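Enquirer: okay, predicted coordinates and the sequence, questions at the end:
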Amino acid sequence: MSGVWYFWGSLALLLGGYYVYGAFVEKVFGIDAARPTPVKSKKDGVDYIELPRHKIFLIQLLNIAGLGPVIGPILGALYGPSALLWVVLGCIFGGAVHDYCSAMMSLRYGGASYPEVIGRNLGSGVRHFMEIFAIIFMIMVGAVFVLGPAALLANMTGWNITLWTAIIFIYYFLATILPINTIIGRIYPFFSVFLLVMAFGLAGALLLGDRPILPNTDFFVNTDPSGLPIWPLLFITIACGAISGFHATQSPMMTRCMESERHGRMLFYGPMIAEGVLGLIWVTLGLSFYESPEALAAVIKEGTPTLVVKEISMSLLGSVGGVLAIIGVIVLPISTGDTAFRSARLLVADTLHIGQGPLAKRLMVAIPLFIAGIALTLVDFAVIWRYFGWANQTMSCVTLWAVAVYLARRKRFHWIASLPAAFMTVVCISYLCYAKIGFGLSLELATIIGVVAGVGGMLLFLSKGRVMPETGNEARC
């Protein structure tokens, strides 16, 4: 089969996943169109503001995308076409389920932030831990998504990277403290459309050009030039585009703006599928543009994956189209970094019960967060990214277990969450045990420990999940 058909087949599976499996997940969760949403009772003119469906979809897509579905798939392409399988299957059965269910749980809990969603289902101890973990993670995300676009802008303009970093941080600060409809609600839908147009422009240029599409279709051969194993590294390297815990921290911002539960699949399952399409495009570009994995690795080593973005964009779309495509990729991380800091502000405010109506109280929370974020940019980008990847997938694992408990309590088909939760437990524990940033064990031993942890988690869930006490006042549904 020609490689181009693998691309079209993968795209068809992602779209089919939305209409078929997405509808099944929606039915399992059990929507209630008559239930009032948080914006009806908590409208405050800052965070609880009703927005049209199309705006929420585009804002959510831009919030969750970031550099993840660009950098991760480019790095994942080094492992070969197995990256395509992970993007498609991970997105449909893992990421989209994770995003939809966690968002709907937040909606049911009155627009609750991520730690509260976790705590109500996994207990107060896990909640307190995730409050700290999530805030640190949000600051880490903000720092990661400053350094990437700042480096790309510096490369394009010749301006100092420090200057671009300062400019981006100033924008982040304004987007963090101003009402959500002041900046985010107005410009994000436009940027999201811009992003999709640029991604499909690159895909179209590749498909219509003379380069072979996916010349290697051996899905079970590892092509990584450095010899790093596919398992479990691929599943950590490609997070956004397959499954990402970061998304569960972003969704509450949009649950505070939606008018009806019946829009949930469009607004949360849908954007994850769209991000999977972005990931599919960039994996395909990485596998098709360069003549070998060694050539791709050489470009990454010379700069960062952003240099790959520049080369591919300029080559496929020419100088003007290439600049537009690169700007689209710059918009991705910047639009995620600002909402990461905004989420961190909301997390701290919810944890400490600090009202966010008065500007002074928003500044009181935001300023310390930005001081920490600026300090983190002094750390090497590669180091931050490795920790970001593991932390991201660990959060997705915790979220899926919380979703599984939520469904099990209500005697619903929890397997849509518990099976991917067990799989991600194996991934995260195996990686932590194997990686140099973890315990540095042999791959075999690390995998055994991971499998034991995954099986143990499933057994614990099956024995305790249905009877774990639920905190909070949400009525059973």
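Expert: Yes, it's here. In this text, all values refer to a predicted model and were calculated from it rather than measured experimentally. Residues are numbered from 1 along each chain as shown.

Enquirer: CA atoms for contacts and neighbours, from now on please.
Expert: OK.

Enquirer: Provide the secondary structure category for the residue located most distally from the centre of the chain.
Expert: Largest separation from the mean C-alpha position in the chain: Asp210, at 32.8 Å (CA atoms, centre = their mean). Following DSSP: H, G, I helix; E, B strand; the rest coil, we place Asp210 in the coil state.

Enquirer: pLDDT on stretch 232-250, on average?
Expert: For stretch 232-250, the mean per-residue pLDDT is 91.

Enquirer: let the chain start at 44 from now.
Expert: Renumbered: residue one is now 44, and that last one reads stretch 275-293.

Enquirer: tell me how far Lys479 lies from Cys471.
Expert: 14 Å (CA to CA, to the nearest Å).

Enquirer: those two: which is more packed in?
Expert: Legend: neighbour count by other CA atoms under 10 Å for Lys479 and Cys471, higher for Cys471 (27 against 11).

Enquirer: so, low pLDDT: which residues of the stretch 44-193 of the chain?
Expert: The stretch 44-193 of the chain contains residues with pLDDT under 70 at 44, 109.

Enquirer: so Ser439, which of the three states?
Expert: Under three-state DSSP, Ser439 comes out as helix.

Enquirer: rewinding a little: the residue farthest from the centre of the chain and Trp325, how far apart?
Expert: When Asp253 is compared with Trp325 (using CA to CA), they lie 18 Å apart.

Enquirer: do Leu132 as well
Expert: Here the distance between Leu132 and Trp325 works out to 16 Å (CA to CA).

Enquirer: now swap in Ile472 and tell me
Expert: For Ile472, the distance to Trp325 - CA to CA - is 27 Å.

Enquirer: so for these two, which residue has more residues nearby?
Expert: Just comparing Ile472 and Trp325: by other CA under 10 Å the higher neighbour count belongs to Trp325, 27 against 23.

Enquirer: whichever strand or helix holds that one: how far from the chain's middle?
Expert: Using DSSP states H and E, Trp325 maps to helix 313-332. Distance, stretch centre to chain centre, for helix 313-332: 13 Å (CA atoms, centre = their mean, to the nearest Å).

Enquirer: next one: stretch 480-493
Expert: 25 Å.

Enquirer: likewise for stretch 484-501?
Expert: On CA atoms, centre = their mean, the centre of stretch 484-501 falls 25 Å from that of its chain.

Enquirer: what does it rub up against?
Expert: 461, 465-474, 476-478 (CA atoms under 8 Å, 6 or more residues apart in numbering).

Enquirer: of these, which is the most crowded?
Expert: In terms of neighbours by other CA under 10 Å, those top out with Ser473 at 30 neighbours.

Enquirer: now it: how far from Phe482?
Expert: 10 Å.

Enquirer: got it, and Ala338?
Expert: To Phe482, Ala338 is 31 Å away according to CA to CA.

Enquirer: just Leu321 next, same as before
Expert: Leu321 is 33 Å from Phe482, by CA to CA.

Enquirer: these two - which one has more neighbours?
Expert: Leu321 (25 against 13).

Enquirer: quick one: the more buried one and Pro112 touch, right?
Expert: Yes: between Leu321 and Pro112 there is a contact under CA atoms under 8 Å: 6.0 Å.

Enquirer: what touches both of these two?
Expert: Residues touching both Leu321 and Pro112 (CA under 8 Å, 6+ apart) are Gly284.

Enquirer: what about stretch 455-465, average pLDDT?
Expert: 97.

Enquirer: in it, which residues are buried?
Expert: By 16 or more other CA atoms under 10 Å, the buried positions in stretch 455-465 come out as Arg455, His457, Ile459, Ala460, Ser461, Leu462, Pro463, Ala464, Ala465.

Enquirer: kindly report the same for stretch 394-413.
Expert: For stretch 394-413, a neighbour-count test (16+ other CA under 10 Å) marks Ile397, Gln399, Arg405, Leu406, Val408, Ala409, Leu412, Phe413 as buried.

Enquirer: gap between the first one and Phe180?
Expert: This means Ile397. Ile397 is 20 Å from Phe180, by CA to CA.

Enquirer: which secondary structure elements does the helix or strand in which Ile213 is found contact?
Expert: Assigned by DSSP H and E, Ile213 belongs to helix 204-220. Secondary-structure packing of helix 204-220 (3 or more CA pairs under 8 Å, 6 or more residues apart in numbering; DSSP states H and E): helix 167-200, helix 348-395, helix 402-419.

Enquirer: show me what the second one is packed against.
Expert: If I follow you right, that is helix 348-395. The contact analysis (3+ CA pairs under 8 Å, 6+ apart) places helix 348-395 against helix 96-108, helix 111-119, helix 167-200, helix 204-220, helix 227-251, helix 289-298, helix 336-345, helix 402-419.

Enquirer: the same query, at a cut-off of 7 Å, please.
Expert: If contacts are counted by 3 or more CA pairs under 7 Å, 6 or more residues apart in numbering; DSSP states H and E, helix 348-395 sits against helix 96-108, helix 167-200, helix 204-220, helix 227-251, helix 336-345.

Enquirer: Gly46: which of those helices is closest?
Expert: Among the helices and strands packed on helix 348-395, the nearest to Gly46 by CA to CA is helix 227-251 (10.5 Å).

Enquirer: neighbouring contacts of that closest one?
Expert: 98, 101-102, 104-105, 218, 321, 324, 356, 359-360, 368, 371, 374 (CA atoms under 7 Å, 6 or more residues apart in numbering).

Enquirer: now render those residues as a markdown table, adding distance to Arg229.
Expert: Below are the contacts of helix 227-251 laid out as a markdown table (distance: CA to CA, whole Å):
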| residue | distance to Arg229 |
| --- | --- |
| Lys98 | 9 |
| Leu101 | 11 |
| Ile102 | 9 |
| Leu104 | 14 |
| Leu105 | 13 |
| Ala218 | 11 |
| Leu321 | 23 |
| Ile324 | 27 |
| Ser356 | 27 |
| Leu359 | 31 |
| Leu360 | 28 |
| Ala368 | 21 |
| Gly371 | 17 |
| Val374 | 14 |
